[in-house]
Every structure is written in C-alpha cells, then in structure tokens.
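# Build me a model from this:
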Amino acid sequence: MIEEFLSLLDSQKGDIFTDTLKSDFLLIMGFMPSREEGMLAKLIGNDNIVYLSVIEDKEMTNVSKIQSRYEAGSEEGVLAILAKELFSGRNIDEKTANFFENLDDGYISAESNVGEEELKEINKIYKKAKNPLLMLGHDFYNHPRKENIAGIINLFVKYGNFKVFIQDTDIEIEKNSINIELEDVTELNSFDGSVVYVCPAKDMDEQDLLIGSPQFMTAAKIKDGDDLFVFTENTEYKRKFVLDNELKGTVALLPSANGDESYYYKIAKIIKRES
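Presented below is the predicted three-dimensional model:
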C-alpha cells in the first residue's frame, strides 16, 4: 500500500525521500500524529509545522504553527490549490501552468473548507524555508485518486524543493522516473451522514470504542456510553460510544488495529444495541 503509492513519485532526479524530520518547514497531511507511536516526540524542535487534516489533533495544538481542518475526501483538491499558491509564480512548464489555470479554486476552497487566507499564511512561512519537508499519511496512500495525488506531490518535489518523509525505514523504493499526466481535480464526493475514521488504536481497549465530539453525538442521535452497531460499506463493528469534548467536527474515531486498503474515512450507519 505505502510502497505502491511511493513508487508513483518521481525519484529519479535525486534522493527525494528522507527519514529525518529536521526541517525549517514541515507540512503534515493525512494522519493524526498523536496516534503514531513516538511521533510527537520526533516533531519537537521543528518551529514551522503546518498540520492539515480532516480531524483536528489536540496534541498538535502547541506543536504546529498552523493547524487546519479540511473535508473528508478533499485531499486531492487541497493539495492542488496549495501547490498553485506556492508554485504558480515560478518558472513552471506549460502542462503544469495549464493544470493550475484549469483549477476551480473557488469551488475547491468552498467544498474543502480551506480558504485563500489560510493558503497565503502557509505560503508566507514556506517562502522563508530552505529545506521544506512533506510528511504524508495513509489518507493519501489509500485514496481513490492516489495516482493524481502523487502527480501533484511531484510538483512539490520538482518546483518546491520538498523532500518526502518516510517513517518506515524498512521500505525499499527503487528510483523511478515517473511522468504522471495530471488530470483535472475531480468533483469532491459528499460525505453526508455519520462519518467515521478508521484510525490506529492507542491500546487494545480502544478497539471496543467509537470516540466522537458533541457535534457527532448530536448528529448521530446517540448518547455517551451507548452500545452501538457501526455499519460501514464492508464491515460491522460492535462499539461503545465515548464522548470526547475536546474533539471537533462531525467525524468520529473508530480505532482499529488493522485498517484495510480502502480510504479510512467511511460513511457509517449507526444503530443502538439493546442492553
């Protein structure tokens, strides 16, 4: 899964991968650092961290300079409008220029919940960086549009001098010369209804829980402590709902030891179990 995604990145022109987090601009997207063992400790010492994800990570509040949420499924669009903000004024090739020209910035911004002001704030920090680093998670590896996403990431490497962090140093990636023909960003899928995030579990006990915000609890019409059936497109879970007042948004955490190879955000049907 990870290897397949990373093999789509153009690594022929140099060593674009790194296992060090020393950077003067660290862009983190697509996972919750607090749910990766030892990750928060590794991030300490980086002054300019920008963290973008569907779910706000409360442990990143005092670690990141900018933390912002985008809508589930909008990773491709967010990366595209961010790339346009960072690189469109540079000496880019005609195909990339056309890709940026064809972006419907207003639509993507509105649907993804990432505004122009946020993009400019990120660019302001990035412009001062000499060794920017991109750190991606499984939300990208499993994404239905992962090939086009990889093509956009290649723009970060080619025009932005970014390196790509790899946490798992056991992964072996052959150098590839990849030329992905960028497609227009697709219309964003709607995640209406109850949405859950199949995230890594911090311990065994968490695998019996569904953890959500007050907003999620209200939308799903459930209560703290309710026993539930959680049905996704291909799996049934028995969980107990736990209210977390520090969580924001309407996506609940569904901790699991083993995620499948599909996109980790899923529309769910939630039914109370009888006592």
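# For the rest of this, base every contact and every neighbour count on C-alpha atoms.
Fine.
# per-domain residue ranges of the protein.
Taking automatic domain parsing as the reference, the chain has its domains at 2-165, 194-272.
# so can I have a markdown table of these showing mean pLDDT?
Formatted as a markdown table, these follow (pLDDT from 0 to 100):
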| stretch | mean pLDDT |
| --- | --- |
| domain 2-165 | 91 |
| domain 194-272 | 92 |
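# For the stretch 151-275 of the chain, just list every one of the strands.
163-165, 194-197, 209-212, 227-231, 236-243, 251-253, 265-272 (DSSP state E, counting those that start in this stretch).
# Including distance to residue 28 and mean neighbour count, could these go into a markdown table?
Output for those, formatted as a markdown table (distance: least, CA to CA, whole Å; neighbours: other CA atoms under 10 Å):
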| stretch | distance to residue 28 | mean neighbour count |
| --- | --- | --- |
| strand 163-165 | 10 | 23 |
| strand 194-197 | 18 | 22 |
| strand 209-212 | 23 | 24 |
| strand 227-231 | 29 | 19 |
| strand 236-243 | 27 | 19 |
| strand 251-253 | 19 | 25 |
| strand 265-272 | 18 | 19 |
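# and residue 102, how many neighbours?
Neighbour count of residue 102, defined by other CA atoms under 10 Å: 12.
# returning to that earlier point: with distance to residue 79 added, can I get the strands of the stretch 151-275 of the chain in a markdown table?
Output for the strands of the stretch 151-275 of the chain, formatted as a markdown table (distance: least, CA to CA, whole Å):
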| stretch | distance to residue 79 |
| --- | --- |
| strand 163-165 | 14 |
| strand 194-197 | 20 |
| strand 209-212 | 27 |
| strand 227-231 | 30 |
| strand 236-243 | 32 |
| strand 251-253 | 21 |
| strand 265-272 | 18 |
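# Dihedrals phi and psi, the residue nearest to the spatial centre of the chain?
Nearest residue to the geometric centre of the chain (CA atoms, centre = their mean): residue 30, 1.6 Å. Main-chain torsions, residue 30, degrees, to the nearest 10: phi 90, psi 10.
# Kindly state the pLDDT recorded for residue 170?
Here the pLDDT value assigned to residue 170 is 64.
# Residue 75 - nearest residue in space that isn't next to it in sequence?
residue 140 (7.4 Å; CA to CA, 6 or more residues apart in numbering).
# roughly how far apart are the one you found and residue 249?
Noted for residue 140: a distance of 21 Å to residue 249, by CA to CA, to the nearest Å.
# Quick check: beta-bridge partners of the closest residue to residue 272 other than its chain neighbours?
What sits nearest to residue 272 in space, not counting adjacent residues and going by CA to CA, 6+ apart, is residue 228, at 4.4 Å. Beta bridges link residue 228 to residue 239, residue 272, judged by DSSP bridges.
# Show the contacting residues for residue 228.
By CA atoms under 8 Å, 6 or more residues apart in numbering, residue 228 lies in contact with 238, 239, 240, 241, 270, 271, 272, 273.
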